[in-house]
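**Student:** Sequence plus predicted model, see below.
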Amino acid sequence: MENNNDERFSPIKSLLGLLSFSTIIPVKQYTSIEYMTRLVWCWPFIHLIVGILAAVCGIICADVLHLNPFFTSVIIYAFLMLITGYNHLDGVMDMADGVMVQGDPQRKISVMKDSSVGAGGVATLFLVAVLTIAGIYSVLDYECIAGIIICEMVAKSSLLTTSLLSTPSNNGIGCYFIYSTNIFNYILSTVIVAVIAYLVGDIIGIIGLVGAVVAGALIAFIAKRNFIIANGDVLGMSNEVGRLMALLFMSVALFFL
């Protein structure tokens, strides 16, 4: 993002900046990272749109192309990864490598920041991807297409939960998101997300949000225990695990409800 000292804050430019930052949608709008992250609490609402597009992709695969639920689930996951530019996958691998290595926080952070990827990172990414596809398959098996919309939206609520509960590093893009997340905008964002989730998926939507918040808190705890601080890699892990946990919680709820 371009940083222009003479730039004035614009909510529209901030939202478009978040959209450009987290997707490959060709938005020709740039703003500074400081101004962009002022509205970080709106991030779930941007990914509500991404979730709707993923649900449309699933409907086309299932009802138009008549693909089986497994093939449809794989395509939906691939669509989500493509449209988000594989934005958080490196975070999954990097954080996993840092957690797996033995040593003090400085040692773990250095491994997390290393450009090379270890076996732990590759294996963790594989598990997260496979389990997410299984989760998509599960909600589709219950004919809950709304679950696709909800899981993508609340993945960002997971990221915000981690941001709220974490101590930022001294550098990197991730610190801007953490600094910009406070208890007031977090509660506002979560309440609005809860209302949307309920309108889209009834009580199942609320349960999906709970799963994402639990995931965000868990990732924040793991990061604090291993690294003390959190960075963009930790937030990336939170996003992907948040989507997975939302699908898991919704799948269990769909069985019992």
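**Tutor:** All right, it came through fine.
**Student:** next structured bit after the helix or strand where Phe45 lies?
**Tutor:** For Phe45, the host element (DSSP states H and E) is helix 43-59. With elements assigned by DSSP H and E, the helix or strand that comes after helix 43-59 is helix 69-83.
**Student:** what's the helix or strand following that next one in contact with?
**Tutor:** Downstream of helix 69-83, the first helix or strand assigned by DSSP H and E is helix 89-100. With contacts defined as Cβ atoms under 8 Å, 6 or more residues apart in numbering, helix 89-100 is touched by 81, 108-109, 111-114, 117-118, 120-125, 128, 222-223, 226-227, 232-237, 239-241. Where C-beta positions appear, they are placed from N, C-alpha and C, glycine not excepted.
**Student:** Try it again at 6 Å.
**Tutor:** Helix 89-100 has contacts (Cβ atoms under 6 Å, 6 or more residues apart in numbering) with 108, 111-112, 117-118, 120-121, 124-125, 128, 226, 233-234, 236-237, 240.
**Student:** returning to what we had before: hey, what's the angle from the helix holding Phe45 to helix 69-83? Just curious.
**Tutor:** Here helix 43-59 runs at an angle of 140 degrees relative to helix 69-83 (axes from the mean of the first three to the mean of the last three Cα atoms, to 10 degrees).
**Student:** Just the C-alpha atoms of stretch 233-242, please, in PDB.
**Tutor:** Extracted in PDB, the C-alpha atoms of stretch 233-242 (Å, rounded to 0.1, in the frame of the first residue of the first chain):
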ATOM      1  CA  ASP A 233       1.700 -15.200  10.200                       C
ATOM      2  CA  VAL A 234      -0.200 -15.700  13.500                       C
ATOM      3  CA  LEU A 235      -3.200 -13.800  12.100                       C
ATOM      4  CA  GLY A 236      -3.100 -15.900   8.900                       C
ATOM      5  CA  MET A 237      -3.200 -19.100  10.900                       C
ATOM      6  CA  SER A 238      -6.100 -17.700  12.900                       C
ATOM      7  CA  ASN A 239      -8.100 -16.900   9.700                       C
ATOM      8  CA  GLU A 240      -7.700 -20.400   8.300                       C
ATOM      9  CA  VAL A 241      -8.300 -22.200  11.600                       C
ATOM     10  CA  GLY A 242     -11.200 -19.900  12.300                       C
END
